[in-house]
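In: Fold the following, please.
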Amino acid sequence: MKRIHPLLFLNLIAIAGFSQTTKSWAINAKLGDGFIVAHRPSVVQVLQKHCRSFELDYTLKTQSRKGWEELYNFPEIGFGYQYFNLGNPSELGIAQGIFGLINFKLTNHNSNFLHSHIGLGIGYVTKTFNTIDNYKTLLVGSKINATITTGIEYNFNLSKKTEITTGINFTHYSNGSSKVPNMGINLAFINVGLIYKIISTPVIYKEAITLQREKYFEVLIAGAVKQIYPPNSPTYGVAILTADYIKPIKNKSLITTGFDAYVDGSHKNYLLQDSLFTSGIGSVLRSGIHIGYGLSVGKCTGILEAGYYFYNPHEIDGLIFNTLSFRYHINNHLFACFNLKAHYGRADYFQYGFGYHF
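Out: Prediction:
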């Protein structure tokens with residue numbers, strides 16, 4: 001559980017910072033029906049019935065005070081709770097999660113409008129893999145997992161205080177390979193819900209602020225833990241160094257290009273399993289370059305990167321990697337980060353670290 005706590009900590013910091021600029025808030029209760037996405041053939045053997053879901057969100061409406069809110073059409077910030085019946089009580093059980101949440105309004109209509117959302121937090125799964133009585137469940141190997149939820153919904157007003165919402169939601173549970181197996185639980189749902197505005201105040205419109213955004217550099221140092229097959233193997237450490245050159249595009253988005261170096265303690269064991277004996281830095285080091293695209297929302301930045309290993313002597317995991325990075329700027333220079341590293345859509349590990357903004 002200690003491995004996931006930094007993720008929840010980052011959510012609390014971000015939401016606390018945003019909530020200072022809000023006045024109106026609401027409660028959203030949603031019911032859903034859906035299924036677990038069978039992204040691997042081995043997943044099919046544990047799927048039985050459709051899944052049911054319940055979600056409860058607490059959201060606060062931002063006001064035009066710091067400049068970024070109006071750029072995103074005054075999003076809502078808050079917390080959420082999700083409950084999933086996974087359709088197989090004996091082998092999959094149930095999944096629950098709490099997360100920080102942001103809703104982006106996609107249209108300018110006040111009565112009927114389309115919006116998207118993203119949430120990031122911590123989840124709990126009651127049934128996981130074990131070699132004695134649940135060896136078919138290869139989705140997750142630990143009860144504590146990270147959870148990422150996103151979707152797109154349509155809202156329409158019933159009255160000044162209430163709204164109906166309906167849409168499609170996607171949720172992912174994963175421990176970032178801190179314990180294998182870790183194929184991840186991918187859930188797709190159709191939701192319908194009722195929103196009640198406990199306090200409703202008009203949005204404060206001010207003259208639009210042009211944010212001054214210049215090119216800059218960031219250096220990031222992070223760490224990770226991971227496990228490789230077979231299950232119950234030792235846990236290995238990973239050290240990561242990333243250097244980014246970042247160029248903002250207008251007031252919202254940015255592009256990045258940079259360099260990555262990874263020292264992965266699991267590689268020696270991986271090579272021994274293939275009867276390859278090696279020593280020195282080449283047995284644990286990989287280096288690559290990447291490009292990415294990101295969005296800045298207040299003090300938070302989300303970046304999706306695609307990279308290529310120019311130094312990977314044993315071609316472990318192939319030559320292409322991806323990173324999903326969430327960064328929270330503590331002040332003008334220091335930021336905290338939570339990243340997900342993956343290869344061809346398969347999670348490798350979560351990274352926790354700090355960086356410096358030049």
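In: Report the beta-bridge partners for G80.
Out: With DSSP bridges applied, G80 shows beta-bridge pairing to D57, F99.
In: List the residue ranges of the chain that fall below the pLDDT cut-off.
Out: Within the chain, the segments meeting pLDDT under 70 span 1-23, 64-67, 200-213, 273-280.
In: Can you show me the helices along it?
Out: Under the criterion DSSP state H, helices of the chain are mapped to 5-19, 68-71, 267-273.
In: Tell me which stretches of the stretch 51-200 of the chain form strands.
Out: Applying DSSP state E, counting those that start in this stretch to the stretch 51-200 of the chain gives strands spanning 51-62, 76-85, 94-105, 112-125, 144-157, 162-174, 185-199.
In: Turn these into CSV, including mean neighbour count and distance to L271.
Out: Every residue, glycine included, has its C-beta placed from N, CA and C. Below are these laid out as CSV (neighbours: other C-beta atoms under 10 Å; distance: least, C-beta to C-beta, whole Å):
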stretch, mean neighbour count, distance to L271
strand 51-62, 21, 40
strand 76-85, 21, 39
strand 94-105, 21, 35
strand 112-125, 20, 32
strand 144-157, 19, 28
strand 162-174, 18, 25
strand 185-199, 17, 30
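In: Go through those strands and name the closest to I303.
Out: The closest of these to I303 is strand 112-125. By C-beta to C-beta, the value is 13.5 Å.
In: Parallel or antiparallel, which strands does the closest one pair with?
Out: When DSSP bridges is applied, strand 112-125 pairs with strand 94-105 (antiparallel), strand 144-157 (antiparallel).
In: Tell me which of the ones you listed lies nearest to G292.
Out: Judging the strands paired with strand 112-125 by C-beta to C-beta, what sits closest to G292 is strand 144-157, at 17.5 Å.
In: what angle sits between that closest one and strand 76-85?
Out: 110 degrees (axes from the mean of the first three to the mean of the last three C-alpha atoms, to 10 degrees).
In: now strand 144-157 against strand 162-174, angle please.
Out: Using the same axes, to 10 degrees, strand 144-157 lies at 160 degrees relative to strand 162-174.
In: Could I have the CA atoms of strand 144-157 written out in CSV?
Out: What follows is strand 144-157, C-alpha atoms only, in CSV (Å, rounded to 0.1, in the frame of the first residue of the first chain):
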residue,chain,number,x,y,z
ILE,A,144,-4.2,-2.1,-3.9
ASN,A,145,-4.0,-0.5,-7.3
ALA,A,146,-4.0,2.8,-9.1
THR,A,147,-7.2,3.7,-10.9
ILE,A,148,-7.7,6.0,-13.9
THR,A,149,-11.2,6.9,-15.1
THR,A,150,-12.3,8.9,-18.1
GLY,A,151,-15.3,9.4,-20.2
ILE,A,152,-17.7,11.7,-22.1
GLU,A,153,-21.2,12.6,-21.0
TYR,A,154,-24.2,14.7,-22.0
ASN,A,155,-26.0,16.8,-19.4
PHE,A,156,-29.5,18.4,-19.6
ASN,A,157,-31.3,20.5,-17.0
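In: S142: neighbour count?
Out: 21 (other C-beta atoms under 10 Å).
In: pretty sure it is touching G176, no?
Out: No. Counting by C-beta atoms under 8 Å, S142 stays clear of G176, with 9.7 Å between them.
In: so what's in contact with the two at the same time?
Out: N182 (C-beta atoms under 8 Å, 6 or more residues apart in numbering).
In: Would you mind naming the residues that pair with the closest residue to G258 other than its chain neighbours in a beta bridge?
Out: In this structure, G258 finds its nearest non-sequential neighbour in D244, 3.9 Å apart by C-beta to C-beta, 6 or more residues apart in numbering. Taking DSSP bridges as the rule, D244 bridges to E218, G258.
In: and D244, what is it in contact with?
Out: Contacts of D244 (C-beta under 8 Å, 6+ apart): F217, E218, V219, L220, T256, T257, G258.
In: my read: Y349 touches A222, true?
Out: No. If you go by C-beta under 8 Å, Y349 and A222 don't touch, sitting 10.1 Å apart.
In: out of those two, which sits in the more crowded spot?
Out: Y349 (26 against 22).
In: Now do the more buried one against I240, distance only.
Out: For Y349, the distance to I240 equals 9 Å [C-beta to C-beta, to the nearest Å].
In: any idea how this protein splits into domains?
Out: 5-199, 216-357 (automatic domain parsing).
In: quick one, strands of the stretch 201-350 of the chain?
Out: Using DSSP E, counting those that start in this stretch, strands in the stretch 201-350 of the chain cover 216-227, 235-249, 253-264, 285-297, 300-311, 320-329, 334-343, 346-357.
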